[in-house]
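S.K.: kindly return the folded structure for what I paste below:
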Amino acid sequence: AALTVRFLTRRFIGEYGDMEFIYSHNLTMDGREILFHIWDVPNSQEQAEKGSSEEKRIQWADSFVLVYSICDRDSFNILPLKIQFIKAAKEGQSQEKVPIVIVGNKRDLHHQRVVSSEEGRLLALSLDCGFYEVSAAE
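M.R.: So this is what the prediction gives:
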């Protein structure tokens, strides 16, 4: 949620509850107006729900940004399963590659890091995804 709000408003808000939100945002890029619809789902909520809600979100989306905390190994470890689930649901319907980006957040908390940048890059490479490390706070 912090990363989504930072993208939409350019502000950092540090504390969020486990709420699900859909945001809409217009952005002009290379002279073209792009409309984003962002369905922001906290990880704890996804784990509590079963497949039908997650399947609905996957079918709704055109691309995916999966965010983990570099300070939380569990948030990183669930990514391969989530990505496999997304690819099975989306790529099974067509031969097009589904755009997926893995983002390691909280780069500013490097002193609490438990997931290395190299681990993130290797996971993204092995699953044919993009990879970035960022800090929503910075």
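S.K.: when you work out contacts or count neighbours from here on, use the C-alpha atoms and nothing else.
M.R.: OK.
S.K.: lowest-scoring secondary structure element of this structure by mean pLDDT?
M.R.: helix 43-48 (a mean of 49; mean pLDDT, DSSP states H and E).
S.K.: for the residue nearest the centre of the chain, give its distance to I102.
M.R.: With distances taken as C-alpha atoms, centre = their mean, the residue of the chain nearest its centroid is L66 (2.1 Å). Counting by C-alpha to C-alpha, to the nearest Å, the gap from L66 to I102 is 5 Å.
S.K.: need the pLDDT of V134.
M.R.: pLDDT for V134: 91.
S.K.: these two touch, right, it and H110?
M.R.: No. At 11.1 Å, V134 does not count as touching H110 under the criterion of C-alpha atoms under 8 Å.
S.K.: of the two, who's got more company?
M.R.: Remark: of V134 and H110, V134 carries more neighbours, 16 against 12, as counted by other C-alpha atoms under 10 Å.
S.K.: okay, S53: pLDDT?
M.R.: pLDDT at S53 comes out at 67.
S.K.: er, E20 actually
M.R.: For E20, pLDDT reads 64.
S.K.: can you check the one 10 residues further on too?
M.R.: On pLDDT, D30 comes in at 93.
S.K.: that one: neighbouring residues, count only.
M.R.: Counted by other C-alpha under 10 Å, the residues lying close to D30 total 7.
S.K.: quick one: the residue located most distally from the centre of the chain from G120, how far?
M.R.: Checked against the mean C-alpha position of the chain, the extreme residue using C-alpha atoms, centre = their mean is G31, at a distance of 26.1 Å. Per C-alpha to C-alpha, G31 is found 33 Å from G120.
S.K.: helix or strand: which one has V114?
M.R.: Assigned by DSSP states H and E, V114 falls within no helix or strand.
S.K.: name the next helix or strand downstream of the strand or helix carrying the residue nearest to the centre of the chain, please.
M.R.: Applying DSSP H and E as the criterion places L66 in strand 64-69. Per DSSP H and E, the first helix or strand lying C-terminal to strand 64-69 is helix 73-77.
S.K.: alpha carbons of stretch 26-37, as CSV, please.
M.R.: Once non-C-alpha atoms are left out, stretch 26-37 reads as follows in CSV (Å, rounded to 0.1, in the frame of the first residue of the first chain):
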residue,chain,number,x,y,z
ASN,A,26,-4.1,9.0,-15.2
LEU,A,27,-0.5,9.4,-16.3
THR,A,28,0.9,11.0,-19.5
MET,A,29,3.9,9.1,-20.9
ASP,A,30,5.5,9.8,-24.2
GLY,A,31,2.6,12.0,-25.2
ARG,A,32,0.0,9.3,-24.5
GLU,A,33,-2.4,9.3,-21.7
ILE,A,34,-2.5,6.1,-19.8
LEU,A,35,-5.2,5.1,-17.3
PHE,A,36,-4.1,2.8,-14.5
HIS,A,37,-6.5,0.8,-12.4
